[in-house]
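Trainee: everything below, folded, please.
(one chain, ligands or ions: 1)
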Amino acid sequence: MNRTLNTCRRPFRKMHGLGNDFIIFDGRTDQLDLTEAQVRQLASRNRGIGCDQLITLWPSETADVFMRIQNADGSEVAACGNATRCVGDILLQELGRDRVTIETGAGLLTACRDGDLIRVDMGTPLLDWRDIPLAQDMDTADLDLSVGPLSHGVAVNMGNPHVVFFVPDVAAIVLETLGPEIENHPLFPERVNVSIVEDRGDGHLRHRVWERGAGITEACGSAACATVVAASLRGLVDRKAIIDLDGGTLHMAWDADNHVQMTGAVSYVYEGQIDLGSLA
Ligand SMILES: N[C@@H](CCC[C@H](N)C(=O)O)C(=O)O
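Mentor: A predicted model of the protein is given here:
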């Protein structure tokens, strides 16, 4: 692999999955290892390019690519469902195959086409309190936690930690203040992504999300995975759901092999170049 200093012009793609937006760098040939400070600057919508997550593609020994995921606050995370669909689409085009594999910190994921949409096998949900992780032994299907109007949450780990609260009306919840309070609650030692979900019947769930390390986003794929699991455990859906997020719709299935399948759109925004040497 060529070793290239982070002081050169680097091409990037701007993409989004239902409005959850990404800067994607290809570091497969020319190594790229962005620091937290560099990510924060690039992700800033005032000082940089702007994104919810920054994705760097690296070579993988076990898959078609390794996908490194960094939140807008610079923190590194193991899972990002919407970015997995975007990277899946890049690889499906590039390799001309009908199935590609993507290694993440959460494990090996697969992506394929489903008509105009991309389907990703997001793997197995973890439900033990130690795996979320929670700070103490607790029933993850009915958390002993109340914050304002939110209570009886369901905790699910999809490679990253999620808590899902079912509410009568998502529009009545002030996620801007409750989201950060729950994200940083001592019950969640690694912080948590916060979903609020309204059951609209017929398998439709209206979903809004506060993402760990990024704040309110228009969609969060791994949160949609956690939501179909949580709604199934509550008996609201039968392991399938149509999840309506602020940015669009995801079709979810928690299959018989205990894997969560997520299907949805990806969008290319533009391609650009950035001089990484110009970053503070
Ligand atoms: N937008 C992502 C999730 C990104 C990571 C998350 N904020 C975390 O910190 O775990 C998705 O589509 O899943």
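Trainee: next, count neighbours for Leu108.
Mentor: 13 (other C-beta atoms under 10 Å). All C-beta atoms are positioned from the backbone trio N, CA, C, and that covers glycine.
Trainee: check the secondary structure at it for me.
Mentor: strand (DSSP: H, G, I helix; E, B strand; the rest coil).
Trainee: go on, the one 10 residues further on?
Mentor: Secondary structure assignment for Ile118 (three-state DSSP): strand.
Trainee: that one: how many residues sit nearby?
Mentor: 24.
Trainee: Val87 is in contact with that one, correct?
Mentor: No - judged on C-beta atoms under 8 Å, Ile118 makes no contact with Val87 at a distance of 9.5 Å.
Trainee: give me the common contacts of those two.
Mentor: Ala111 (C-beta atoms under 8 Å, 6 or more residues apart in numbering).
Trainee: quick one, what contacts Thr35?
Mentor: If you count contacts by C-beta under 8 Å, 6+ apart, Thr35 has them with Gly74.
Trainee: quick one, phi/psi of it?
Mentor: With angles defined as degrees, to the nearest 10, Thr35 sits at phi -80, psi 170.
Trainee: same check on the one 5 residues further on?
Mentor: Backbone dihedrals for Arg40, given as degrees, to the nearest 10, come out at phi -60, psi -40.
Trainee: show me what from the chain comes close to the ligand.
Mentor: 20, 52-53, 71, 77, 79-82, 160, 193, 211-214, 217, 220-222 (C-beta under 6 Å from any ligand atom).
Trainee: which residues touch the most centrally placed residue in the chain?
Mentor: For the chain, the residue sitting closest to the mean C-alpha position, by C-alpha atoms, centre = their mean, is Cys80 at 2.9 Å. Applying C-beta under 8 Å, 6+ apart to Cys80 gives the contacts 22, 53, 55, 67, 69, 104, 160, 221-222.
Trainee: if we go to 6 Å?
Mentor: Counting by C-beta atoms under 6 Å, 6 or more residues apart in numbering, Cys80 makes contact with 53, 69.
Trainee: swap in Met122?
Mentor: Contacts of Met122 by C-beta under 6 Å, 6+ apart are 81, 225, 260, 262.
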